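> The amino acid sequence is not available; the structure is as follows:
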């Protein structure tokens, strides 16, 4: 049995740059690669506020939207909204 993966830090997420891929999104949120791609195909990420863009056969995830969902702004300040 493999040990549980270490959670991603906000600094690590920010360091990804403006976009990342679907497998990385799955790792950040602790879901399987398969489920992450299924959610991209069915546009389910939009329902939770994560922006996924399809470019040809590839998907790119907007990192700022991941930070927003986690309650952090992309600038590093905690979101002050209720």
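Good, I have the coordinates. Keep in mind that this is a model prediction, so the values were computed, not measured.
> which residue ends up closest to the midpoint of this protein in space?
Geometric centre of the chain, nearest residue: residue 25, 3.8 Å, by CA atoms, centre = their mean.
> Make sure that one is indeed in a helix.
Yes. With DSSP: H, G, I helix; E, B strand; the rest coil as the criterion, residue 25 is located in a helix.
> nearest spatial neighbour of it, skipping sequence neighbours?
residue 61 (4.8 Å; CB to CB, 6 or more residues apart in numbering). Placement of C-beta: from N, CA and C, glycine included.
> Just to be sure, the one you found is in a helix?
No. Looking at residue 61 with three-state DSSP, it is strand, so not inside a helix.
> Show the contacting residues for it.
Contacts for residue 61 (CB atoms under 8 Å, 6 or more residues apart in numbering) come out as 19, 20, 21, 22, 24, 25, 45, 50, 51, 52, 53.
> Just the pLDDT at the fourth one, thanks.
So that's residue 22. In this model, residue 22 is scored at 98, pLDDT.
> Hmm, residue 32 and it touching each other?
No. Checked against CB atoms under 8 Å, the pair residue 22 and residue 32 is beyond contact range at 10.9 Å.
> Mind checking which of the two has more residues around it?
Using other CB atoms under 10 Å, the more surrounded residue of residue 22 and residue 32 is residue 22, with 21 against 11.
> wait, what's in contact with that one?
Counting by CB under 8 Å, 6+ apart, residue 22 makes contact with 33, 36, 37, 40, 52, 59, 61.
> Mind checking which of the contacts of residue 61 land in strands?
Secondary structure assignment (DSSP state E) places 19, 20, 52, 53 from the contacts of residue 61 within strands.
> filter those residues to the buried ones?
19, 20, 52 (16 or more other CB atoms under 10 Å).
> Please look at the last one and residue 58 and confirm they touch.
No. At 10.6 Å, residue 52 does not count as touching residue 58 under the criterion of CB under 8 Å.
> Return the two entries of the contacts of residue 22 that lie farthest from one another.
33 and 52 (14.2 Å; CB to CB).
> Confirm residue 65 sits in a strand?
No. Residue 65 is assigned helix when assessed by three-state DSSP, not a strand.
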